[in-house]
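Asker: give me a model of this one.
(one chain, ligands or ions: 2)
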Amino acid sequence: MKGRYIAGIDIGSTKICLMVGRAGREGLDIVAAGTVPSQGLRKGVVIDIDETANSISMALREAQSASGMDIRSAYVGISGSHIKSTESYGATGIKEKEVRLADIERVTDAASAIYVPLDREVLHVLPSEFIIDGQDGIARPLGMAGVRLEVKVQVLTASHAVLENLERSLERAGLKAAEMVFQPLASALAVLKDEEFQQGAVLVDMGGGTTDAALFKGGTLRWADVIPVGGANTTNDIAVGLKLPQQEAERLKRRYGAGQEKVNLFETEESIEARSMSGKPKQISPPDLSRIIRMRMEELFELLKEDVEPQIIKHQPLCAVITGGGSQMREIAGMAEGWLGIPVRTGLPDRVHSTVLRETVRDPQYAAAAGLLLYGLEREGGDLIKENNPFSDSIETVKRAMTEQGRLLARRFFGRMRRFPAEDA
Ligand SMILES: Nc1ncnc2c1ncn2[C@@H]1O[C@H](COP(=O)(O)OP(=O)(O)OP(=O)(O)O)[C@@H](O)[C@H]1O
Ligand SMILES: [Mg+2]
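Answerer: Residues are numbered from 1 along each chain as shown. Ligands and ions are numbered 1, 2, ... in the order given. Just a heads-up that it's a prediction; the model follows:
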């Protein structure tokens with residue numbers, strides 16, 4: 001088979017999804033996906049290595065048999081409230097009076113030299129802007145003339161133990177991490193439009209275990225935070241409040257849940273029939289169910305607002321884009337709009353397509369997995385600061401195809417990533 005293959009694995013608290021994509025003239029084509037319910041994770045973090053490894057193995061087997069390929073390594077999404085973002089700054093002299101790759105690396109290294117406690121690690125260093133001889137707002141400094149180069153960056157750090165446990169789970173399943181990628185970065189790549197990246201957008205990935213918020217502007221990440229509340233909390237509230245099994249609570253949530261009061265989904269139903277703990281039928285009152293869902297959603301949006309509002313005031317984004325499985329709840333965009341005070345739309349992974357899986361991938365719960373592939377494509381194909389790329393021919397073809405479709409990603413978005421020893425060797 002011709003083309004370049006890339007694998008990405010989204011290890012979520014609800015499901016694990018391993019996707020395989022092929023980069024070709026038409027952009028990125030998803031050729032296979034293995035999705036299984038996830039075990040061993042809580043709020044985006046591994047709490048049981050064996051269970052996590054087992055779930056990863058199942059997703060891997062599914063993706064391997066669907067693609068007929070032997071998958072050894074993948075881009076891995078990582079989330080959890082242990083991830084923190086900090087701003088930093090670096091400066092250096094420009095050696096040859098013209099910015100070279102080495103200057104960019106040096107200045108980024110200088111900016112990355114922040115105090116990182118022993119139990120934490122740098123996950124990404126994302127340049128937000130370069131300054132040459134006092135001239136700010138420079139996106140691509142390579143080849144520009146000057147004597148002094150400065151950079152402003154966002155440094156994302158993560159708990160060492162959490163990364164380590166994730167890595168061990170992957171290893172046990174026989175999969176190598178090409179890179180670990182902050183999940184909302186990946187989701188953003190799959191769902192944000194170019195103008196949103198440039199002029200500003202808040203990405204909200206509503207997962208099962210966490211709700212991840214990230215603000216992008218000028219083609220790069222400006223701020224991010226992870227709220228340890230997600231769809232699983234709503235399901236749990238329903239299960240506890242109405243004394244139902246988790247599975248049944250989940251079903252009722254998906255079937256009847258809605259974000260806004262004005263949508264009365266119960267007009268035709270006096271009561272909802274559910275299966276009780278003992279397996280017997282049980283009548284549920286629609287207002288009771290609705291109240292439980294709404295209370296949890298309000299709590300979530302209150303936390304989100306508290307977190308995001310100062311960033312909205314500071315960066316004035318065009319809109320917010322909600323994605324992830326939780327964004328599938330009815331009328332949730334309207335509810336989010338009410339809380340955040342800016343337009344909100346639901347983000348589908350539109351930057352990829354699939355000849356075999358067709359519409360299945362156009363689902364917000366696959367945003368992170370699809371984004372990991374785009375991330376990998378951009379990292380391997382069009383490395384932003386590689387002067388002599390040995391693969392440039394094939395990359396040019398892919399890039400041209402992507403540009404034609406308006407799909408070329410904001411190059412500046414990528415920083416220098418956490419590389420694993422295995423890769424460096
Ligand atoms: N139609 C729906 N209505 C309401 N909630 C839904 C719907 N479909 C899925 N969800 C919820 O979305 C959540 C799962 O989303 P997703 O698959 O993005 O999570 P995840 O990536 O596994 O978790 P995380 O990112 O938090 O680690 C679950 O809590 C699920 O109940
Ligand atoms: Mg997720």
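Asker: going by C-alpha atoms from here, please, whenever you check contacts or count neighbours.
Answerer: OK.
Asker: can you tell me how far Ile11 is from Phe130?
Answerer: 34 Å (C-alpha to C-alpha, to the nearest Å).
Asker: more neighbours: those two, which one.
Answerer: Ile11 (31 against 24; other C-alpha atoms under 10 Å).
Asker: what bridges to the more buried one?
Answerer: Ile16 (DSSP bridges).
Asker: residues touching it, list them.
Answerer: The contact partners of Ile11, by C-alpha atoms under 8 Å, 6 or more residues apart in numbering, come to Cys17, Ser38, Gly44, Ile56, Val76, Gly77, Ile78.
Asker: same deal with Ala161?
Answerer: Listed by C-alpha under 8 Å, 6+ apart, the contact set of Ala161 reads Asp119, Arg120.
Asker: again, but for Glu273
Answerer: Glu273 neighbours (C-alpha under 8 Å, 6+ apart): Pro281, Lys282, Gln283, Ile284.
Asker: and for Val308?
Answerer: Ala213, Leu340.
Asker: check which helix or strand covers it.
Answerer: Val308 belongs to helix 286-315 when elements are defined using DSSP states H and E.
Asker: can you give me the buried ones in that helix?
Answerer: 286, 289-290, 292-294, 296-297, 300-301, 304-305, 307-308, 311-312, 315 (16 or more other C-alpha atoms under 10 Å).
Asker: what about it and ligand 1, any contact?
Answerer: No - judged by C-alpha under 6 Å from any ligand atom, helix 286-315 makes no contact with ligand 1; its nearest approach is 9.7 Å.
Asker: can you name the next helix or strand after that helix?
Answerer: strand 319-323.
Asker: is there proximity between the helix or strand just after that next one and ligand 1?
Answerer: Counting by DSSP H and E, the next helix or strand C-terminal to strand 319-323 is helix 332-340. No - Helix 332-340 does not reach ligand 1 (C-alpha under 6 Å from any ligand atom); its nearest approach is 9.0 Å.
Asker: and the residue of the stretch 151-300 of the chain found nearest ligand 2, how close does it get to Thr323?
Answerer: The minimum distance from the stretch 151-300 of the chain to ligand 2, using C-alpha to the ion, falls at Gly207 (4.6 Å). Note on Gly207: its distance to Thr323, by C-alpha to C-alpha, is 8 Å.
Asker: same question, Phe197
Answerer: 15 Å.
Asker: who has more neighbours, these two?
Answerer: The neighbour comparison of Phe197 against Thr323 (other C-alpha under 10 Å) goes to Thr323, with 31 against 24.
Asker: the more buried one contacts Thr346, doesn't it?
Answerer: Yes - if you go by C-alpha atoms under 8 Å, Thr323 and Thr346 touch, sitting 5.9 Å apart.
Asker: hey, what's in contact with both of those two?
Answerer: Both Thr323 and Thr346 are contacted by Pro364, under the criterion C-alpha under 8 Å, 6+ apart.
Asker: near ligand 1, which residues of this protein show up?
Answerer: So the chain meets ligand 1 at 12-15, 43-44, 206-210, 231-232, 250, 253-254, 324-326, 328-329, 365 (C-alpha under 6 Å from any ligand atom).
Asker: so what's the residue nearest to Val344 when sequence neighbours are not counted up against?
Answerer: Using C-alpha to C-alpha, 6 or more residues apart in numbering and skipping residues adjacent in sequence, the residue nearest Val344 is Ala320, 4.7 Å away. Each residue near Ala320 by C-alpha under 8 Å, 6+ apart is listed here: Ala201, Val202, Leu203, Val204, Ile342, Pro343, Val344, Arg345.
Asker: for the last one, give me its contacts.
Answerer: Neighbouring residues of Arg345 by C-alpha under 8 Å, 6+ apart: Cys319, Ala320, Val321, Ile322, Ala333.
Asker: given the helix or strand harbouring it, what are its sheet partners and their directions?
Answerer: In this structure, Arg345 sits in strand 344-346 according to DSSP H and E. Taking DSSP bridges as the criterion, strand 344-346 forms sheet pairs with strand 319-323 (parallel).
Asker: ok, the residue in the stretch 51-200 of the chain positioned nearest to ligand 1 to Ser187 distance?
Answerer: Among the residues of the stretch 51-200 of the chain, Ser79 lies closest to ligand 1, at 6.7 Å counting by C-alpha to the nearest ligand atom. Ser79 sits 11 Å away from Ser187 when distances are taken as C-alpha to C-alpha.
Asker: closest to ligand 1 among the contacts of Glu273?
Answerer: Nearest member of the contacts of Glu273 to ligand 1, counting by C-alpha to the nearest ligand atom, is Ile284, at 18.0 Å.
Asker: follow-up on the earlier one: so for Gly207 and Thr323, which residues contact both of them?
Answerer: Both Gly207 and Thr323 are in contact with Gln365, where contact means C-alpha under 8 Å, 6+ apart.
Asker: what residues sit buried inside stretch 94-101?
Answerer: Neighbour-count burial for stretch 94-101, counted by 16+ other C-alpha under 10 Å, picks out Ile94, Glu98, Val99, Arg100.
Asker: got a markdown table for these, with secondary structure and pLDDT too?
Answerer: Output for those, formatted as a markdown table (DSSP: H, G, I helix; E, B strand; the rest coil; pLDDT from 0 to 100):
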| residue | secondary structure | pLDDT |
| --- | --- | --- |
| Ile94 | coil | 96 |
| Glu98 | strand | 94 |
| Val99 | coil | 91 |
| Arg100 | coil | 88 |
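Asker: which residue in the contacts of Arg345 has the weakest pLDDT?
Answerer: Among these, Ala333 carries the lowest pLDDT, at 95.
Asker: I'd guessed that residue sits against Thr323; true?
Answerer: No - applying C-alpha under 8 Å as the test, Ala333 and Thr323 come out as separate, 9.9 Å apart.
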